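> Give the three-dimensional model of this entry:
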Amino acid sequence: VQLVESGGGLVQPGGSLRLSCAASGFTFDNSAIAWFRRAPGKEREGVSCISTDDGRPHYANSVWGRVTISSDTDSNTVYLQMNDLKPEDTATYYCAFERYSHCSWHEHLFHTWGQGTQVTVSS
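As a prediction, the model looks like this:
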């Protein structure tokens, strides 16, 4: 049972990245999958979440309008498309999974986490 994130990197302000979170050993059925991030010196915060039951996305105010979360149940992958990136988006991004759960910004409700992928926004 593993989550593997990918897609991070160095991008200039205003640029875009698409992060991927792939499940290995399980499926995303009846689940909530969330993206959190931790910036240097800050606590981890929720960025976006999607429930595979209804496909309804949730976004933090800090990324509203710049980020789109989507899920592909065939490949058991959740994507986070990030546009118009800002230096304050620099962080390690983690995906988290919890079965039979609704979306939440409370990280303690998620028991399966990926290893994280670094996003750096800098000119």
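
> Please count neighbours and contacts with C-alpha atoms only from this point.
OK.

> Who are the contact partners of the nearest residue to residue 24 once chain neighbours are set aside?
Nearest residue to residue 24 in three dimensions, chain neighbours excluded: residue 2, at 5.0 Å (Cα to Cα, 6 or more residues apart in numbering). Residues near residue 2 by Cα atoms under 8 Å, 6 or more residues apart in numbering: 23, 24, 25, 112, 113, 114.

> if I look at residue 2, how far off is residue 120?
Per Cα to Cα, to the nearest Å, residue 2 is found 24 Å from residue 120.

> Likewise for residue 59?
20 Å.

> Then residue 7?
In terms of Cα to Cα, residue 7 sits 11 Å off from residue 120.

> can you check residue 57 too?
For residue 57 relative to residue 120 (Cα to Cα), the value is 24 Å.

> Name the residue in those two with the higher neighbour count.
Set residue 57 next to residue 120 and count neighbours by other Cα atoms under 10 Å: residue 120 wins out with 21 against 17.

> can you pull out the strands in this protein?
2-6, 9-11, 17-24, 31-38, 45-51, 57-59, 67-72, 77-82, 91-99, 112-113, 117-121 (DSSP state E).
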